[in-house]
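> build me a model from this:
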Amino acid sequence: MFSGEYEYKVDHKGRVPFPPRFREQMREGMVMSRGLDRCANVYPRPLWERLSAQPSEQSRPGSRARRMRRLAFATAFFVELDGHGRVAIPLPLRQYAEIRDVAVVAGVDRQVEIWSRENWEAERKLMAREARRVREVSG
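Numbering: from 1, shown residues only. Predicted structure coming up:
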């Protein structure tokens, strides 16, 4: 399980350090893809393989399922940590997530998300508002 948030500078080659406590879980490789919320998702390769096998078991998937598969696979990149514990964020994902000088690496259960600092701050505000609403409804 991944948890916590870490802020790092992005170097001129689009590389960002990966939190040391996350590295061991990525030893078998990683897959980075476009997230739904203007971020890049990072999955341990074994988890990606399990998740990617599930939709293919459907016979004749509908248009919604096909679009989700395109979104998942057309924007996916196999990436590795370099010798300094950094991962290069592919340019299409950096552009989509608006990652420039500073990135936030957030552990989110079974995956990691990489955000621009600005998008992460906006997401944190949204999460705080939503948490209040959930508490008010359930409280």
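> can you map out the helices along this structure?
Under the criterion DSSP state H, the chain contains helices at 20-23, 45-56, 63-74, 91-97, 117-138.
> turn those into TSV, columns for distance to R110, mean neighbour count and mean pLDDT.
Every C-beta, even on glycine, is put in place using the N, C-alpha and C of the backbone. Shown next, in TSV, are these (distance: least, CB to CB, whole Å; neighbours: other CB atoms under 10 Å; pLDDT from 0 to 100):
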stretch	distance to R110	mean neighbour count	mean pLDDT
helix 20-23	12	14	95
helix 45-56	6	13	82
helix 63-74	15	12	80
helix 91-97	19	16	97
helix 117-138	18	12	85
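> out of those, nearest to L81?
Proximity to L81 (CB to CB) singles out helix 20-23 among these, at 6.2 Å.
> okay, which residue is most central for the chain?
The residue lying closest to the centre of the chain (CA atoms, centre = their mean) is N41, at 1.5 Å.
> identify the residues contacting that residue.
Applying CB atoms under 8 Å, 6 or more residues apart in numbering, one finds that N41 lies in contact with 32-35, 111-113.
> identify the farthest-apart pair in these.
Maximum pairwise distance among these (CB to CB): 14.0 Å, between R34 and V112.
> out of those two, which sits in the busier spot?
V112 (27 against 20; other CB atoms under 10 Å).
> so the more buried one makes contact with A103?
No - counting by CB atoms under 8 Å, A103 is not a contact partner of V112; they are 11.2 Å apart.
> export the helices of the chain as a markdown table, with columns for distance to M1.
Listed next are these as a markdown table, based on distance: least, CB to CB, whole Å:
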| stretch | distance to M1 |
| --- | --- |
| helix 20-23 | 10 |
| helix 45-56 | 11 |
| helix 63-74 | 22 |
| helix 91-97 | 23 |
| helix 117-138 | 18 |
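> what's the closest of those helices to D82?
Between D82 and the helices of the chain, the shortest gap by CB to CB is with helix 20-23, which sits at 11.2 Å.
> for that closest one, which outside residues touch it?
2, 4, 81, 85, 105, 107, 112.
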